[in-house]
Every structure is written in C-alpha cells, then in structure tokens.
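Visitor: just the structure for this:
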Amino acid sequence: MRHWMNYHMIAFFMGFLLDLVLGDPYYLPHPIRLIGKLIARTEKMLRGIGIRGKDKKADSNGRAFRQGIGLVLIVVISVVAVTHFLLFMAYWLHPVLGVVAECIMTYQILAVKCLKVESMKVYQCLKNGNLEQARKAVSMIVGRDTEHLDEEGVAKAAIETVAENTSDGVIAPMLYLAVGGSVLGFLYKAVNTMDSMIGYKNEKYLYFGRAAAKLDDFVNFLPARISACLMITASFLAGRHFSGTGAWKIYKRDRRKHASPNSGQTEAVCAGALSIRLAGDASYFGKTVKKPYIGEAVRGVEYKDIKRANFLMYITAWLCEMLCLLIMYALRNMWNSR
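Guide: You can find the predicted model right below:
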C-alpha cells in the first residue's frame with residue numbers, strides 16, 4: 001500500500017503540472033470526447049429499444065426514466081472497467097509505466113488551463129472591443145443564448161462559467177483523483193459529462209436525463225462546498241482586487257440562490273470576492289429563465305473580472321493540490337509507522 005501511495009502522489013502532482021503547462025491540445029484525442037460518444041451512442045440504442053413506428057407515441061415517462069438509469073449504469077461500468085484495466089496493466093508491466101499512465105490520466109481529467117484559455121478568449125475579444133466575437137467565444141463555454149448579450153452580459157457569463165467550473169472542472173475531479181486515483185477520477189468525469197449532455201429539464205431529457213442529473217448533484221455535493229471554502233481562503237490571499245470578507249459574506253447569504261444545489265457555492269464566493277453581482281435572468285433556447293441575483297453590485301462588471309476570476313481559480317487549485325498532497329503524505333507516514 002505504501003508503495004502505491006508513493007506512486008500515486010508522484011502521478012497526482014505531475015499530472016497537475018502537465019495540465020497547467022499543456023492544457024488540452026485540440027489536435028490530440030481526448031478520453032472525455034470518447035465518453036461523450038459512448039453516451040450519445042448508448043442513448044440512441046436505448047431510446048430505440050422496443051420503439052418502432054407509431055409505438056413511439058406510447059413511450060412513457062417511466063420508460064424514459066428507466067432508460068436513463070440504464071444509460072448511467074452502462075456508461076459508469078464501462079468507464080470504470082476500461083480505466084481500471086489500463087491502469088492495472090500499466091502497473092503490472094512496470095511501476096514506472098504505471099506512474100506515467102496515471103500521470104497522463106490525471107492530466108486528462110483536470111481542466112485548469114483549458115478553462116483559463118477558453119474564458120480568456122472572451123476577455124481578449126472584449127478588450128479589443130469586438131462584441132460579436134466575444135459573444136461567439138462565450139457561446140462555446142456556456143449553455144445560455146448569447147446573441148443579444150451586451151458587454152457586461154458576456155463578461156458575466158464567462159465569469160460565472162469560471163466560478164462554477166472551478167468546482168466541476170478542477171477541485172471536484174482533483175478530490176476524486178486524490179481519493180481513488182484515475183479510476184475514481186474518470187468515474188466522476190463520466191457522471192459530469194452525462195449531466196452536461198442529458199441533464200436538462202426540457203421535454204426531451206426531463207425524465208431520460210433525471211438519473212444522470214441527480215447522480216451529478218450527489219457526487220458534487222461535498223466537493224462543491226470544499227471548493228467554496230478553498231476559494232474563500234484564496235480570496236484572502238489573492239491581493240487588493242479581491243475581498244475575502246466579501247466572499248465569506250456573499251457565500252453565507254447567496255449560496256442557495258441557484259437552481260442547482262452545488263453551482264451557487266463557488267459562484268457566490270466569486271461574486272463576493274470581486275464585489276460584483278452575478279446571475280439574474282438568462283435566455284435558454286429562446287426562453288427567458290428567471291433567476292435571482294447573486295452578490296452585490298458594489299461596482300459594475302468589467303471584462304478584467306474574467307482575468308481576476310481565473311487568477312482566483314488558479315490559487316484555489318493550488319490550495320487544493322497542496323492540501324491533498326499533505327493529507328496523502330500524512331497517511332503514507334501513518335502506514336509506514338505501523
């Protein structure tokens with residue numbers, strides 16, 4: 001066990017560094033895209049079972065819900081089985097090969113630089129005064145309609161994405177990687193990807209995607225709150241453009257002002273840390289969705305806040321990485337002393 005912990009700590013740290021340096025090169029195949037294809041093909045297969053011609057009208061909500069459960073089971077079992085097999089074979093062949101494989105998997109699971117790169121595209125467009133390009137750039141990272149957003153609306157959308165994905169794309173996968181290595185890390189990413197693809201409350205996915213959405217809420221419940229605590233700490237360390245007391249104040253007050261039980265956690269912290277107001281009404285698929293505001297409009301939102309949100313995300317990520325390594329180091333010493 002202690003040897004595995006040594007290997008795991010090395011892979012955990014090196015994978016994190018690789019993500020910071022390399023991000024996700026578009027020219028290389030990514031496992032998350034493969035998981036996405038698995039989800040899409042499984043959905044197509046399950047929806048077609050027992051439904052032919054006019055029988056499609058008889059498809060009940062209960063059937064859709066059961067099919068959704070089937071999809072979750074197929075995807076989760078497949079991802080865990082493949083990841084475990086690859087990692088087991090790598091370590092069985094040689095510990096160094098195992099560390100390399102786990103390092104690469106860790107790198108592929110985290111999304112620190114990717115999140116920064118995509119959001120900074122929006123920042124650069126706004127800085128250059130190109131609102132149309134900014135709308136297009138932000139549409140690549142948010143689910144809302146963006147064609148009618150003004151400069152502040154575009155900036156807000158990018159900031160909210162960075163804040164929310166600090167938990168979903170960075171801290172939560174990092175925590176699962178720390179606890180269960182790449183197997184648990186990829187399990188988390190599979191659940192998160194299912195939610196992003198089918199976890200919508202619309203006519204098509206209200207019942208079919210419910211199991212995926214609920215499972216995503218469950219696996220993110222504790223990580224979202226840990227992410228918020230780490231981000232509050234980061235707010236005190238980040239410098240004069242950030243308010244640690246504001247982050248704590250808005251977190252306590254507004255963290256539940258979100259339809260998701262988890263997304264409002266880091267969004268509230270970010271709003272308080274930057275002394276701005278986020279959320280509010282948004283348009284999805286042509287329909288306006290009423291949402292409460294999060295934070296206080298001490299000042300207006302500006303494009304520079306995208307860069308500040310990324311800086312806050314990076315500090316939060318480093319805090320989590322160091323905390324996980326310290327805990328793993330302590331556990332390793334406990335096992336060695338026995």
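
Visitor: verify the stated contact: residue 313 with residue 167.
Guide: No - Residue 313 lies out of contact with residue 167 (CB atoms under 8 Å); the separation is 9.8 Å. Backbone N, C-alpha and C define where each C-beta goes, glycine included.

Visitor: next helix or strand past the helix or strand encompassing residue 188?
Guide: Per DSSP states H and E: residue 188 is located in helix 172-198. Sequence-wise, the next helix or strand downstream of helix 172-198 (DSSP H and E) is helix 210-237.

Visitor: got a pLDDT number for the nearest residue to residue 200 once chain neighbours are set aside?
Guide: Excluding the flanking residues, the one nearest residue 200 by CB to CB, 6 or more residues apart in numbering is residue 209, at 6.0 Å. With respect to pLDDT, residue 209 scores 91.

Visitor: look up phi and psi at residue 209.
Guide: Residue 209 adopts backbone torsions of phi -90, psi 0, taken as degrees, to the nearest 10.

Visitor: okay, now it: neighbour count?
Guide: Close neighbours of residue 209, defined as other CB atoms under 10 Å, add up to 25.

Visitor: how about it, what does it touch?
Guide: The neighbours of residue 209, taking CB atoms under 8 Å, 6 or more residues apart in numbering as the test, are 68, 194-195, 198-200.

Visitor: which SS state does residue 288 fall under?
Guide: strand (DSSP: H, G, I helix; E, B strand; the rest coil).

Visitor: report the contact partners of it.
Guide: If you count contacts by CB under 8 Å, 6+ apart, then residue 288 has 281-282 around it.

Visitor: pLDDT score for it?
Guide: What the model reports as pLDDT for residue 288 is 77.

Visitor: what about residue 278, which helix or strand?
Guide: If you go by DSSP H and E, residue 278 is part of strand 277-279.

Visitor: please, where are all the strands along this structure?
Guide: Counting by DSSP state E, the chain has strands at residues 277-279, 282-284, 287-289, 293-295.

Visitor: hey, which helix or strand in the protein has the poorest pLDDT?
Guide: Within the chain, confidence by mean pLDDT, DSSP states H and E is lowest for strand 282-284 among all helices and strands, at a mean of 74.

Visitor: out of the strands of the chain, nearest to residue 213?
Guide: Nearest of the strands of the chain to residue 213, taken as CB to CB: strand 282-284 at 15.3 Å.

Visitor: parallel or antiparallel, list what pairs with that closest one.
Guide: Here strand 282-284 is paired, per DSSP bridges, with strand 287-289 (antiparallel).

Visitor: report the buried residues of the least confident helix or strand of the chain.
Guide: Neighbour counts over strand 282-284 (16 or more other CB atoms under 10 Å) mark residue 282 as buried.

Visitor: wait, what's in contact with residue 135?
Guide: The contact partners of residue 135, by CB under 8 Å, 6+ apart, come to 146-147, 149, 154.

Visitor: let me fix that: residue 174
Guide: Per CB under 8 Å, 6+ apart, neighbours of residue 174: 16, 110, 317, 320-321, 324.

Visitor: how about those residues, which pair is most distant?
Guide: 110 and 324 (12.0 Å).

Visitor: of the two, who's got more company?
Guide: Counted by other CB under 10 Å, residue 110 and residue 324 do not tie: residue 110 has more neighbours, with 26 against 20.

Visitor: for that one, grab phi and psi.
Guide: phi -80, psi 160.

Visitor: surely it and residue 19 touch.
Guide: Yes - between residue 110 and residue 19 there is a contact under CB under 8 Å: 4.2 Å.

Visitor: list residues touching both of the two?
Guide: If you check residue 110 and residue 19 against CB under 8 Å, 6+ apart, no residue is contacted by both.

Visitor: how many neighbours does residue 31 have?
Guide: Residues near residue 31, counting by other CB under 10 Å, number 18.

Visitor: how many residues are close by the nearest residue to it once chain neighbours are set aside?
Guide: Nearest residue to residue 31, sequence neighbours excluded (CB to CB, 6+ apart): residue 108, at 5.4 Å. Residue 108: 20 surrounding residues under other CB under 10 Å.

Visitor: show me what contacts residue 151?
Guide: 126, 131, 134, 303.

Visitor: what's the farthest-apart pair in these?
Guide: Farthest pair in these, by CB to CB: 131 and 303, 10.5 Å.

Visitor: neighbour count winner among those two?
Guide: It is residue 303, of residue 131 and residue 303, that has more neighbours when counted by other CB under 10 Å, with 21 against 15.
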